[in-house]
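Q: what's the 3D shape of this:
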Amino acid sequence: MSGHSKWHNIQKTKGAQDAKRAAAFTKIAKELIVAVKEGGGITDPANNSRLATVITKAKAANMPNDNIKRCLEKAAGGGSGDSYDTITYEGYGPGGVAVIVETMTDNRNRTAGSMRHHFDKFGGNLGASGCVAWSFDKKGVLVIDNEDGDYEEDAVMMDAMDAGADDFEADGDCFTIYTNPDDFNDVVANLSKYTFVSAQIEMVPQNYQKLETEEQAVMMQKLIDAMEDDDDVQNVWHNWEE
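A: Now for the predicted structure:
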């Protein structure tokens, strides 16, 4: 899976303003609430695998434990009157870049209209369900920052394989560990001595699309930014080779 690295996006996140961080926490909070509700109100991650996955994502994003606790209490107590639907949209960006957008919404019509608007405005088009998902694989992805050189590549790779990971990739100061989605929580538990800068279930592209012009690249970045700034959007996956 050479070439798949979240490091560019992680660096952007590290340097983001407080408003961006708050927006990210709001999106994760929504996922926490949905995970509890769909898990029958269970707030113990040991008995709610989806919740365990979201908590791992929250901790990797440096979401404070108090924030996580408040979200779980709110969800368990029925304190949130919002009822969210999880909807995935697929389409193409400039130059035929494949795009998958995962949303959680309390208004399907609003979100569908927003998605169509974003695609149309920035040189893409919204497609039918399944039009690009076939070219992605769902995987657990764990990213370790080794900028300070604290870890030896071979040691991390061996630990990852022993923990049940499917694959390991070293890209400069970044180590990326791939897992089967069903094994994600177990691998995280087995690698508890490491700190992850990103840890979640992702849609990983099987191949990448280059854009031929600077104009296409600018429009593609604007499309991604618009999607990520949308309150209904949880994740944006694409196969743009930046």
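Q: going forward, measure contacts between C-alpha atoms and count neighbours the same way
A: Will do.
Q: need the three-state assignment for T176.
A: Three-state assignment for T176 (DSSP: H, G, I helix; E, B strand; the rest coil): strand.
Q: list the contacts of it.
A: When contacts are counted by CA atoms under 8 Å, 6 or more residues apart in numbering, T176 is found next to S5, V141, L142, V143, I144, F168, E169, A170.
Q: who touches the biggest strand by length in the chain?
A: Secondary structure of the chain read by DSSP state E shows that its longest strand is strand 136-145. The contact list for strand 136-145 (CA under 8 Å, 6+ apart) reads 6, 173-181, 183-184, 194-206.
Q: out of those residues, which are inside strands?
A: Assignment to strands by DSSP E places the following of those there: 174-179, 198-205.
Q: now do the lengthiest helix in the chain: which elements does it pack against?
A: Ranked by residue count under DSSP state H, the longest helix found in the chain is helix 18-38. Helix 18-38 makes packing contacts with helix 49-60, helix 65-76, strand 233-238 when contacts are defined by 3 or more CA pairs under 8 Å, 6 or more residues apart in numbering; DSSP states H and E.
Q: now it - C-alpha only, PDB.
A: Taking Å, rounded to 0.1, in the frame of the first residue of the first chain, the C-alpha atoms of helix 18-38 are listed here in PDB:
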ATOM      1  CA  ASP A  18      -8.500  26.300  17.900                       C
ATOM      2  CA  ALA A  19     -11.700  26.700  15.800                       C
ATOM      3  CA  LYS A  20     -10.600  23.800  13.600                       C
ATOM      4  CA  ARG A  21      -9.800  21.700  16.700                       C
ATOM      5  CA  ALA A  22     -13.200  22.500  18.200                       C
ATOM      6  CA  ALA A  23     -14.900  21.500  15.000                       C
ATOM      7  CA  ALA A  24     -13.000  18.200  14.900                       C
ATOM      8  CA  PHE A  25     -14.000  17.500  18.500                       C
ATOM      9  CA  THR A  26     -17.700  18.200  17.600                       C
ATOM     10  CA  LYS A  27     -17.600  15.700  14.800                       C
ATOM     11  CA  ILE A  28     -16.000  13.000  17.100                       C
ATOM     12  CA  ALA A  29     -18.600  13.800  19.800                       C
ATOM     13  CA  LYS A  30     -21.300  13.100  17.300                       C
ATOM     14  CA  GLU A  31     -19.700   9.700  16.500                       C
ATOM     15  CA  LEU A  32     -19.400   8.900  20.300                       C
ATOM     16  CA  ILE A  33     -23.100   9.600  20.800                       C
ATOM     17  CA  VAL A  34     -24.200   7.500  17.800                       C
ATOM     18  CA  ALA A  35     -21.900   4.700  18.900                       C
ATOM     19  CA  VAL A  36     -23.500   4.600  22.300                       C
ATOM     20  CA  LYS A  37     -27.100   4.800  21.000                       C
ATOM     21  CA  GLU A  38     -26.500   2.200  18.300                       C
END
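Q: give me the contact list for that helix.
A: Helix 18-38 has contacts (CA under 8 Å, 6+ apart) with 13, 42-43, 48, 50-51, 54-55, 57-58, 63, 68, 71-72, 74-76, 84, 104, 231, 233-234.
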